[in-house]
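J.: My questions are about this predicted structure, shown below with the sequence.
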Amino acid sequence: MTTMAPAAARALWLALLDNAAQLVVEADVLFPSPRAQSLVVLAQEEAGKAIWVRKAFWNAWYGDDETPRKVPELHAQWRAHNAKLMAAIDYYTTVLEVPGNSEPVDIELVRAHAPEIVVAYLKRVALEDNQAKQEGFYVDLKADGSFTVPQADRPLLRSEIWGAADLIKWSIDDDHLMCSIVRRPRVLSSDAIAAKLDSILADESYEGVEERD
């Protein structure tokens, strides 16, 4: 397993978010093509890997621990699509629908009292997203000899493109906030990544779309 220095981890984090942002931009251009459906899920996977890196190097980036370290998820789960998606979904989700509650509940409250509900939700959505990615890219042959062609069957795809852009922007803004709290210079190159998403996040055509449960 490769050991990384904090500076190298920063460069990897930026590269992952930059690639994720570019995938979202391309999804926006291709919408409503099935390829857009696939690209937005790939962007979420890249964001998930970036979340793993930031978590591993938290004490170095926002503290005084400059010790090189390992990011086990990047090696054990680099190609584990659902695991990467679960990381992104978990980071971006704020509330969950909980049986017996008329209103959505804060995800951290659910995690504290019923963690199995959070895990089940993350697994379900990650599975749905990964399946949608495949449906947007591949001609699939079924057991009965029939086949499917790439299709975009996600009615909320427009909002999911916006959500992926917001996830990346949120990651960058959160990093800037932490740097300001601990009085560390913020990573200016991340501004260029965020700028790629400005037109999507400001696009009025995204307003009013229903969010996914």
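T.: Received the coordinates, thanks.

J.: Show the model's pLDDT score for Tyr206.
T.: Looking at Tyr206, its pLDDT is 62.

J.: for Glu211, same thing?
T.: Reading off the model, Glu211 has pLDDT 42.

J.: Let me see the ranges of the strands in this protein.
T.: Secondary structure of the chain (DSSP state E): strands at 3-4, 69-70, 95-96, 105-106, 140-141, 147-148.

J.: Just say which of the ones you listed is most tucked in.
T.: Of all these, strand 95-96 carries the top mean neighbour count, a mean of 16, counting by mean count of other CB atoms under 10 Å. Glycine gets a C-beta too; all of them are placed from N, C-alpha and C.

J.: quick one on the thing from earlier: of all the strands of the chain, which one is nearest Ala21?
T.: For these, the distance to Ala21 is smallest for strand 3-4, at 22.0 Å, taking CB to CB.

J.: In this structure Lys70 contacts Ala9, no?
T.: No - using CB atoms under 8 Å, Lys70 makes no contact with Ala9, being 10.3 Å away.

J.: Mutual contacts of these two, please.
T.: Common neighbours of Lys70 and Ala9, using CB atoms under 8 Å, 6 or more residues apart in numbering, are Ala56.

J.: so what secondary structure elements neighbour the helix or strand bottoming out on mean pLDDT in the chain?
T.: Across the helices and strands of the chain, the lowest-confidence element by mean pLDDT, DSSP states H and E is helix 72-76, at a mean of 76. Packing partners of helix 72-76 (3 or more CB pairs under 8 Å, 6 or more residues apart in numbering; DSSP states H and E): helix 34-56.

J.: Is there a neighbour count for the residue nearest to Asn59 when sequence neighbours are not counted? I'd like the number.
T.: Using CB to CB, 6 or more residues apart in numbering and skipping the chain neighbours, the partner closest in space to Asn59 is Asp65 (4.2 Å). Using other CB atoms under 10 Å, Asp65 has 12 other residues around it.

J.: From Asp174, how far out is Asp65?
T.: Distance, Asp65 to Asp174, by CB to CB, to the nearest Å: 19 Å.

J.: ditto for His75
T.: Using CB to CB, we find His75 at a distance of 25 Å from Asp174.

J.: nearest to Gln44, of the strands of the chain?
T.: Set against Gln44 and scored by CB to CB, those come closest in strand 95-96, at 17.9 Å.

J.: Run me through the strand neighbours of that closest one, direction for each.
T.: Applying DSSP bridges to the sheet, strand 95-96 is found paired with strand 105-106 (antiparallel).

J.: model confidence over the strand it pairs with, on average?
T.: Here the average pLDDT along strand 105-106 is 91.

J.: Show me the contact partners of it.
T.: With CB under 8 Å, 6+ apart as the test, strand 105-106 has contacts from 94-98.

J.: Out of the residues you listed, which comes closest to Ala143?
T.: Among the contacts of strand 105-106, and counting by CB to CB, the member closest to Ala143 is Glu97, at 33.8 Å.

J.: hmm, back to that, list the buried residues of the least confident helix or strand of the chain.
T.: Buried positions in helix 72-76, judged by neighbour count with 16 or more other CB atoms under 10 Å: 73-74.

J.: Extract the C-alpha set from it and format it as CSV.
T.: The C-alpha trace of helix 72-76 is given here as CSV (Å, rounded to 0.1, in the frame of the first residue of the first chain):
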residue,chain,number,x,y,z
PRO,A,72,-6.6,2.2,2.7
GLU,A,73,-9.8,2.8,0.9
LEU,A,74,-8.0,4.0,-2.2
HIS,A,75,-6.2,0.7,-2.5
ALA,A,76,-8.8,-1.8,-1.2
